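In: Okay, predicted coordinates and the sequence, questions at the end:
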Amino acid sequence: MPSRRSKVIAAVAAVIATGIGIGISYAIHWFPAQATTQAKETDTLYHVLVIASVPIFVLVTSVILYSVWQFRMRPGEELKDGPPIHGNPRLEVFWTAIPTVLLLGMIGYSFVVLNNNEKKPAKEINVEVTGQQFAWTYEYPSSVTGGKPVDSYALYVPKGESVRFNMRSKDVIHAFWIPAFRIQEDVVPGITTHWRATPDRLGNYPVVCNLLCGLGHSLMRSTVHVVTPERFHAWLESQKGAPPSTPPPAAPAGATNG
Ligand SMILES: [Cu+2]
């Protein structure tokens with residue numbers, strides 16, 4: 001049987017390893033800037049999942065290393081078999097119940113975060129997003145402009161207001177991804193997909209197509225400008241009646257559908 005001393009050594013090593021693992025999870029900056037209220041909740045969720053995973057990883061690794069160390073084959077034991085252990089209901093109940101509780105907890109927490117992130121606010125503005133090979137275009141409907149809809153290759157959103165993105169594709173499947181918003185949603189021909197975000201940090205952040213959609217896929221990038229509501233409305237006014245200013249990047253030669 002393993003000695004008391006070796007059990008204590010294993011336990012202390014496991015606690016130290018868990019501490020180091022959780023320390024590393026704080027030291028690494030996993031994510032880009034948080035530019036929406038949703039981003040904060042999403043990042044906290046990820047960090048809780050990472051922290052919950054560290055002790056489990058350490059436990060599994062500790063048991064493996066401990067067994068290799070304590071129950072290794074000694075000289076002269078080459079032909080011996082292990083002890084004929086058969087069933088251990090108490091242990092089996094234990095290792096079924098604990099993962100069940102842990103998983104249900106994580107699923108419940110993830111559900112609450114996603115549900116909060118997608119909750120319909122009292123007031124929101126709509127932005128129509130269109131993906132096509134190989135550019136994003138945006139349309140601000142009359143409900144936002146108070147006049148004629150505005151088409152743009154640039155995406156401007158006001159800080160502190162909830163934005164609902166309604167996404168459509170003209171050709172193949174794309175994915176509308178704003179890493180700083182923690183949004184990613186497929187943009188599929190024939191259907192309209194949606195996502196909400198409330199920008200809460202001024203700045204310019206990349207918009208990326210995150211599904212390989214053809215030869216020009218890597219050019220299918222844009223920028224979201226989070227500006228104050230005053231600047232947002234001034235920009236909308238400046239766009240009214242004007243043709244969309246910046247053209248999309250040219251597709252490389254030979255880039256076609258498919
Ligand atoms: Cu694309």
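Out: Sure, I can see it.

In: make it CA atoms for all contacts and neighbour counts henceforth
Out: Noted.

In: contact partners of the helix or strand hosting Val226?
Out: Per DSSP states H and E: Val226 is located in strand 221-227. With contacts defined as CA atoms under 8 Å, 6 or more residues apart in numbering, strand 221-227 is touched by 135-136, 153-159, 199, 201-209.

In: And the next helix-or-strand element following it, what's buried?
Out: Helices and strands here follow DSSP H and E; after strand 221-227, the next one along the chain is helix 229-239. Across helix 229-239, burial judged by 16 or more other CA atoms under 10 Å covers Phe232, His233, Leu236, Gln239.

In: What sits closest to the third one if chain neighbours are left out?
Out: Just to be clear, that refers to Leu236. Thr145 (6.7 Å; CA to CA, 6 or more residues apart in numbering).

In: neighbours around that neighbour, how many?
Out: By other CA atoms under 10 Å, the residues close to Thr145 number 16.

In: wait, doesn't it sit right on Ser238?
Out: No: Thr145 is beyond contact range of Ser238, at 11.0 Å (criterion: CA atoms under 8 Å).

In: contacting residues around Arg168?
Out: Applying CA under 8 Å, 6+ apart, the residues near Arg168 are Glu128, Val129, Thr130, Gly131, Val187, Val188, Pro189, Gly190, Ile191, Thr192, Thr193.

In: May I have the beta-bridge partners of the first one?
Out: This means Glu128. Glu139, Asn166 (DSSP bridges).

In: Report pLDDT for it.
Out: Glu128 is assigned 95 on the pLDDT scale.

In: tell me the contacts of it?
Out: Glu128 touches Tyr138, Glu139, Tyr140, Pro141, Phe165, Asn166, Met167, Arg168, counting by CA under 8 Å, 6+ apart.

In: Pick the one among the buried residues of helix 229-239 closest to Gly21.
Out: Phe232 (43.8 Å; CA to CA).

In: Distance check, that closest one against the ion.
Out: Counting by CA to the ion, to the nearest Å, the separation of Phe232 from the ion is 26 Å.

In: Thought Leu155 was touching that residue, still the case?
Out: No: assessed by CA under 8 Å, Phe232 is found out of contact with Leu155, at 10.2 Å.

In: what residues are up against Glu161?
Out: Lys123, Glu124, Ile125, Thr198, Pro199.

In: For it, what are phi and psi?
Out: phi -110, psi 140 (degrees, to the nearest 10).

In: Same check on Glu77?
Out: The phi/psi pair for Glu77 (degrees, to the nearest 10) is phi -100, psi 10.

In: What does the pLDDT read for it?
Out: In this model, Glu77 carries a pLDDT of 85.
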